[in-house]
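here is my input; please provide its structure:
(one chain, ligands or ions: 1)
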Amino acid sequence: MIQVQHVTKKYGNMLANNDVNLESVDGGLSVLLGANGAGKSTLIKCICGLLRFEGSIKVNGFDNHSLEAKRLLGYVPEFPAMYPMLTVEEHLQFIARAYRLKDWEPYGNELMTRFELIDKKSKLGQELSKGMQQKVSICCALLPRPKAVIFDEPFVGLDPHAIRELKLLITSLRDEGNSVLISTHMIDSMEEAWDTVYIMKNGSIMETRNRKDIDSRNSLESIYFAITEGTSVSGSTI
Ligand SMILES: Nc1ncnc2c1ncn2[C@@H]1O[C@H](COP(=O)(O)OP(=O)(O)OP(=O)(O)O)[C@@H](O)[C@H]1O
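Numbering: from 1, shown residues only. Next up, the predicted model:
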């Protein structure tokens with residue numbers, strides 16, 4: 001469970017997040033949508049403890065800066081950051097040591113197999129394509145089996161096989177009772193799986209919708225455009 005309460009973040013005088021409230025519940029898939037510059041990545045970086053902010057953020061009840069919260073939270077950043085001189089496998093080993101994971105190899109191998117990295121496990125970070133780096137970043141984030149996972153534009157640069165695997169993984173993470181929060185511009189990628197959508201504009205949450213309250217004829221895309229641009233939708237309830 002991720003609870004964001006009254007979060008405000010300024011870059012100098014620029015208000016990037018303005019009194020944001022959001023809850024990503026256990027067993028739920030929350031999608032964060034918004035135009036470029038709406039404040040999504042800033043909010044995600046605040047949740048992950050990478051930026052200072054005003055307000056409160058809790059992960060399973062723990063302050064987001066605490067060790068407990070860091071243990072529970074997984075983060076796939078928008079831009080993967082590799083260690084140039086570590087191999088794919090060594091990236092996973094590094095995470096396993098940092099989190100003091102035991103018997104992590106079978107799950108590590110399963111993740112590398114799913115993302116077609118197993119035959120590339122000896123490649124160095126500096127030798128990886130953008131998509132391969134993204135896959136390593138996903139494997140590293142999931143290896144500690146986090147209870148709450150945040151994905152910032154996770155599908156960008158992935159090949160069709162990896163997109164399918166990631167969608168399946170995201171759904172199973174949610175179905176296993178974890179909290180999943182995704183920021184994406186690829187609205188259709190979340191069409192089948194989303195539970196709650198938060199629409200951001202100018203640093204604020206403009207609207208929140210729960211799938212269970214919505215006319216099932218409406219796609220996530222139609223809901224987004226109805227709210228942000230006032231276009232019509234098929235059902236009356238958006
Ligand atoms: N390091 C920074 N310094 C100053 N301003 C920043 C910084 N990072 C982001 N901003 C500004 O904060 C606002 C929100 O940016 P943010 O990256 O959070 O948006 P976003 O919704 O993630 O956009 P996108 O969809 O393009 O990734 C923008 O106006 C951006 O220019």
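
tell me where the chain has helices.
40-47, 67-72, 88-98, 105-114, 130-142, 160-175, 220-229 (DSSP state H).

tell me which of these is the most buried.
For the helices of the chain, the stretch with the most neighbours on average is helix 40-47, a mean of 24; neighbours defined as mean count of other C-beta atoms under 10 Å. Quick note: C-beta positions are derived from backbone N, CA and C, even for glycine.

and the residue nearest the centre of the chain, what are its bridge partners?
With distances taken as C-alpha atoms, centre = their mean, F151 lies nearest the centre of the chain, 1.6 Å away. Note on F151: beta-bridge partners V76, I182, judged by DSSP bridges.

residue contacts, it?
Taking C-beta atoms under 8 Å, 6 or more residues apart in numbering as the definition of contact, the neighbours of F151 are V76, I170, V180, L181, I182, S183, T184.

of the residues you listed, which is the nearest to M132?
For the contacts of F151, the closest approach to M132 (C-beta to C-beta) belongs to V76, at 14.1 Å.

so the closest one touches A141, yeah?
Yes - with contact defined as C-beta atoms under 8 Å, V76 and A141 form a contacting pair (4.7 Å).

who touches both of the two?
By C-beta under 8 Å, 6+ apart, V76 and A141 have these common neighbours: V149.

circling back: for the residue nearest to the centre of the chain, give its distance to the ligand.
Between F151 and the ligand the computed distance is 13 Å (C-beta to the nearest ligand atom, to the nearest Å).

can you check S179 too?
The gap separating S179 from the ligand is 20 Å, by C-beta to the nearest ligand atom.

excluding residues flanking it in the chain, which one is nearest that residue?
A148 (4.2 Å; C-beta to C-beta, 6 or more residues apart in numbering).

for the one you found, grab the count of nearby residues.
In terms of burial, A148 registers 22 neighbours under the definition other C-beta atoms under 10 Å.

quick one: residues contacting it.
Taking C-beta under 8 Å, 6+ apart as the contact definition, A148 lies against M1, I2, S24, V59, N60, L72, L73, G74, N178, S179, V180, L181.

with respect to T231, which of the contacts of F151 is nearest?
Distance to T231 across the contacts of F151 (C-beta to C-beta) is lowest for T184, with 20.0 Å.
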